[in-house]
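Engineer: Sequence isn't available, so here's the structure alone:
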Ligand SMILES: NC(=O)c1ccc[n+]([C@@H]2O[C@H](COP(=O)([O-])OP(=O)(O)OC[C@H]3O[C@@H](n4cnc5c(N)ncnc54)[C@H](OP(=O)(O)O)[C@@H]3O)[C@@H](O)[C@H]2O)c1
């Protein structure tokens, strides 16, 4: 049995999480992030979540995976992933970082099925576009959690580009928030 089959694969759940503009961008050219904040919309029928609910949700995440450019930006903005284990995918050498951050250069299937799956179940892939694209190409994503921000950006970094093949995902949940953001959750097709 290969490491990507059997128990290891059944146990882990990789969720690709991304926030996109209405026109499919995940970052502005200048990397500014004010568009990611909810000011300016008030959708009456929407819900809002309390800080406690958000904290409970985040606590259920066992591990984050991020590309090195997302890592760099996360450091600039102020580390948002707390003490939860995080793996930064990079081929570069980095100075030692927080205790819970490790760097990984290598095969992504091995990362998920051999290194992470035995240790973690709820794994969140939090960007960026390049790394997410690669995970999707390799069939390593079990769920997509996509939040659409109520804004057109016009230009920036596209959420997905390149060579993804057509594949229909299963809509599992939709949450509309008071601030006009909409969260869409999809699970991967069963036979891949
Ligand atoms: N809106 C959102 O939800 C959201 C979420 C996350 C990020 N972002 C934004 O997206 C931007 C970054 O995205 P990005 O697409 O430019 O970069 P990225 O995916 O974060 O990082 C790309 C880097 O990851 C490493 N990498 C990717 N695939 C690899 C592989 N198969 N093997 C080894 N290393 C690999 C390489 O690092 P090395 O060059 O170091 O080898 C590559 O340069 C930032 O502006 C960030 O703020 C937005």
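Structural biologist: Perfect, I can see it now. Predicted model only: the values in this text are computed from it and were never measured.

Engineer: Near the ligand, which residues of the chain? Just list them.
Structural biologist: For the chain, the contact set with the ligand under C-beta under 6 Å from any ligand atom comprises 18-19, 26-27, 31, 67-70, 73, 89-92, 105, 108, 126-131, 134, 157. All C-beta atoms are positioned from the backbone trio N, CA, C, and that covers glycine.

Engineer: Buried among the residues you listed? Make that a PyMOL selection.
Structural biologist: Only the buried entries of the residues of the chain next to the ligand go into this PyMOL selection, using 16 or more other C-beta atoms under 10 Å:
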select buried, resi 18+19+26+27+67+68+69+70+73+89+90+108+126+127+128+129+130+131+157
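
Engineer: Okay, and which of the residues of the chain next to the ligand map to strands?
Structural biologist: Among the residues of the chain next to the ligand, DSSP state E puts 18, 19, 26, 27, 67, 89, 157 in strands.

Engineer: mind listing what the second one touches?
Structural biologist: The contact partners of residue 19, taken as C-beta atoms under 8 Å, 6 or more residues apart in numbering, are 26, 36, 146, 147, 148, 149, 181.

Engineer: and which of those residues is nearest to residue 162?
Structural biologist: residue 26 (14.2 Å; C-beta to C-beta).

Engineer: What sits closest to the closest one if chain neighbours are left out?
Structural biologist: The spatial neighbour of residue 26 that comes closest, neighbours along the chain excluded (C-beta to C-beta, 6 or more residues apart in numbering), is residue 159 at 4.9 Å.

Engineer: isn't the one you found right up against residue 27?
Structural biologist: No. Using C-beta atoms under 8 Å, residue 159 makes no contact with residue 27, being 9.4 Å away.
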